[in-house]
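J.: Sequence plus the predicted model coming up.
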There are 2 protein chains.
Amino acid sequence: MEGEFEFIARRLRPLATGPGALGLADDAALLDPRPGTQLVLTKDAMVAGVHFLEGDPPGRIAQKLLRVNLSDLAAMGAVPIGYLLALARPRATGDEWLAAFCAGLADDNAAFGISVLGGDTVSTPGPMTLSLTAIGEVPKGEALLRGGARSGDDIWVSGTLGDAALGLVVLQGALDVAEPAHTHLIERYRLPQPRLALGQALRGLAHAAIDISDGLLADLGHIVEPSVLGAEIRADLLPISFPDLPGALDAAFSGGDDYELLFTAPRSQRNAIEGLAQKLDLPLARIGQMETAPGIRVRDATGAEVRPKRTGWQHF
Amino acid sequence: MEGEFEFIARRLRPLATGPGALGLADDAALLDPRPGTQLVLTKDAMVAGVHFLEGDPPGRIAQKLLRVNLSDLAAMGAVPIGYLLALARPRATGDEWLAAFCAGLADDNAAFGISVLGGDTVSTPGPMTLSLTAIGEVPKGEALLRGGARSGDDIWVSGTLGDAALGLVVLQGALDVAEPAHTHLIERYRLPQPRLALGQALRGLAHAAIDISDGLLADLGHIVEPSVLGAEIRADLLPISFPDLPGALDAAFSGGDDYELLFTAPRSQRNAIEGLAQKLDLPLARIGQMETAPGIRVRDATGAEVRPKRTGWQHF
């Protein structure tokens, strides 16, 4: 098994292509913020058996770890710069696993124009435990926040909801689905698509934004609460890939791991947002509106109230 | 047991006093770098049973996690700003443990003038696994690096060496020591003292610096290698708290967890560095010099070669 220094030299140094990484020769990374920008920092942790499956392809695990953090940057409207990685690995982890894990990072470094800035590798008697801190930049004062929604704002979501939660159920063997849905749902679980271009384009358009990691209702709650408002959404307007699958609507309401953006914007921006959907080739669905009455109400097309089964996912 | 959101609201939010933390209401922190500065980022991970003992006081574990990262900032000459925390905890972790852990963070936030910027809390079926990303700032172009040493430079270390390694042996029951050494060694293991004031004062004085986390010889290797030089050190000049304890010299050479600064500086700075020791009330020992011949040589006072037992500590 590779030792710590060998792992860093052989696997991580080739990924540390940015000038701030100092070739990973130093204790820390040095970052030169550009004038007029603010830095955005976010950190997520993942544990084998909790946030990913032991048998998931190592490259996909690496990409998911990175992308859930990039999704946080997307929700703030930030442009990603790089990241620091902490990896606590069981002693039995093979070199092939590490090579595949780092190949996944390399792929996404190229895809998103980022690089490793630093990190730490340790051994653990427990399950593989990963933590990543992503750094991005945003023009000063332009970051999208959760608490900026206003009454009357439209509520929008990107892409589709609930796919990843159903993909997990498929991987766990509790749902039998034919192709192409089978592969689509599993890939949605394993490989989030951080909506970076959308987040950056929403600066100046949206009043509030969040990425949906805990489920639509839970994350809408994270906009409603700091905005001191309420919301009404329409169940029949939720974008769902395979609405006939059992549990599809519940997954759309409360499934985790969507990593789509949920945002609010004034009615005056409807045309601009629809144009953005076309330009980015990314569906944007208008699913409700912000209201002054506190709480979140869900209705169907007839106006009747819908009561979703669960309201969210707690990681802890 | 507290859930994720309750833990964040009740325990972490009071620690997130800086403006960039956005009250932990958002996905990420926003940082306003000051003009003329560079940001320094570092990330270390710790696993229960590997990097700390299950029975260690939770507040001390929190402080150690924070301080090993602050020590990395100290080695770069940086001023700490804040940090992001990832905590993967076993389900059996009690609320009292978390309260004590956060009280340790609060103490050090006050001591070092920093605050929580963000983070993540998850559950794990394995041992408590912690990761922290610390952020500091340094005047542009003035960060101390490992690779800047020059031939003829004096080699200096702060404080004393090997105490923490002996403290671990005491805690493991393999070394019986009378007071006051008993408490001193254990505290040196549990509560590193990041040499921030020293690191900041060494900007413009030192050519190269590193904090000693893996042991003197291993970390001197991390200066020698990127500087493309060698070094000679004198065993009899190492600062050792209790030189008569068994293993004291080996612990000074190769024990981990010292978190003292090892730095090189030209002979012309001797007076300035001795003045600094007085001003900071921190012993600074001149233990050798950088040389052009590659490798690290250790000699005693007579000039005879000394062969230390181990050369370092691998965390991985």
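T.: That came in fine, so what should we check first?
J.: excluding its backbone neighbours, what's nearest the one residue in chain A that gets nearest to chain B?
T.: Chain A approaches chain B most closely through residue A:126 (1.9 Å), counting by C-beta to the nearest C-beta. The way it works is simple: take the backbone N, C-alpha and C, and place the C-beta from them, glycine included. With sequence-adjacent residues excluded and distances taken as C-beta to C-beta, 6 or more residues apart in numbering or on different chains, residue A:126 is closest to residue B:126, at 1.9 Å.
J.: Next up, the contacts around the one you found.
T.: Going by C-beta atoms under 8 Å, 6 or more residues apart in numbering or on different chains, residue B:126 touches A:47, A:124-127, A:129, B:88, B:90.
J.: Pretty sure residue A:30 sits in a helix.
T.: No. Counting by DSSP: H, G, I helix; E, B strand; the rest coil, residue A:30 is not found in a helix; it is strand.
J.: My guess is it contacts residue B:37. True?
T.: No. The pair residue A:30 / residue B:37 is not scored as a contact, 10.5 Å apart, by C-beta atoms under 8 Å.
J.: anything in contact with each of the two?
T.: residue B:138.
J.: And the two? Which one has more around it.
T.: When neighbours are counted by other C-beta atoms under 10 Å in any protein chain shown, residue A:30 and residue B:37 differ, and residue A:30 comes out ahead with 23 against 19.
J.: Please name the bridge partners of the more buried one.
T.: Using DSSP bridges, the beta-bridge partners of residue A:30 come out as residue B:40.
J.: On the pLDDT front, check it for me.
T.: The confidence metric pLDDT takes the value 89 at residue A:30.
J.: Please apply the same query to residue A:255.
T.: The model reports residue A:255 with a pLDDT of 91.
J.: Nearest residue to it in space, please, no chain neighbours.
T.: Beyond its immediate neighbours in the sequence, the residue positioned closest to residue A:255 (C-beta to C-beta, 6+ apart) is residue A:165, lying 2.4 Å away.
J.: Repeat that for residue A:61.
T.: Nearest-residue entry for residue A:61: residue A:52, 5.1 Å, with adjacent residues in sequence omitted and distances by C-beta to C-beta, 6+ apart.
J.: The one you found and residue A:58 touch, don't they?
T.: No. No contact is recorded between residue A:52 and residue A:58 when judged using C-beta under 8 Å, the distance being 9.9 Å.
J.: Who has more neighbours out of those two?
T.: Counted by other C-beta under 10 Å, residue A:52 and residue A:58 do not tie: residue A:52 has more neighbours, with 23 against 20.
J.: tell me the contacts of the more buried one?
T.: With contacts defined as C-beta under 8 Å, 6+ apart, the neighbours of residue A:52 are A:46, A:61, A:64, A:190.
J.: Off-centre distance for stretch A:279-290?
T.: Going by C-alpha atoms, centre = their mean, to the nearest Å, the spacing between the C-alpha centre of stretch A:279-290 and its chain's C-alpha centre is 17 Å.
J.: That stretch: which residues count as buried?
T.: Buried residues in stretch A:279-290, defined by neighbour count with 16 or more other C-beta atoms under 10 Å in any protein chain shown: A:282, A:284-290.
J.: Over to stretch A:122-138?
T.: Those would be A:122-124, A:126-138, for stretch A:122-138 by 16+ other C-beta under 10 Å.
J.: Give me the pLDDT value at residue A:10.
T.: 77.
J.: Confirm that it sits in a helix.
T.: Yes. Residue assignment for residue A:10, taken from three-state DSSP, places it within a helix.
J.: Pretty sure residue A:7 sits against residue A:101.
T.: No. With contact defined as C-beta under 8 Å, residue A:7 does not count as touching residue A:101 (10.5 Å).
J.: higher neighbour count, those two?
T.: A side-by-side neighbour count of residue A:7 and residue A:101, using other C-beta under 10 Å, places residue A:101 first with 25 against 19.
J.: biggest separation within the buried residues of stretch A:279-290, which pair?
T.: By the measure C-beta to C-beta, A:282 and A:290 form the most distant pair in the buried residues of stretch A:279-290, at 22.2 Å.
J.: Out of the buried residues of stretch A:122-138, flag the one nearest to residue A:111.
T.: Among the buried residues of stretch A:122-138, residue A:134 lies closest to residue A:111 (C-beta to C-beta), at 14.1 Å.
J.: which element is the closest one on?
T.: For residue A:134, the host element (DSSP states H and E) is strand A:129-139.
J.: who's in contact with stretch A:85-94?
T.: With C-beta under 8 Å, 6+ apart as the test, stretch A:85-94 has contacts from A:1, A:12, A:65, A:98, A:105, A:116, A:118-132, B:43-45, B:47, B:86, B:129, B:131, B:316.
J.: Now it: buried residues?
T.: For stretch A:85-94, the neighbour count (16+ other C-beta under 10 Å) marks A:85-89, A:93 as buried.
J.: and the closest residue to residue A:294 other than its chain neighbours, what pLDDT?
T.: Counting by C-beta to C-beta, 6+ apart, residue A:230 is the residue found nearest to residue A:294 once chain neighbours are left out, at 4.6 Å. At residue A:230, the predicted lDDT confidence score is 96.
J.: Next, count neighbours for residue A:6.
T.: Applying other C-beta under 10 Å, we find 13 residues neighbouring residue A:6.
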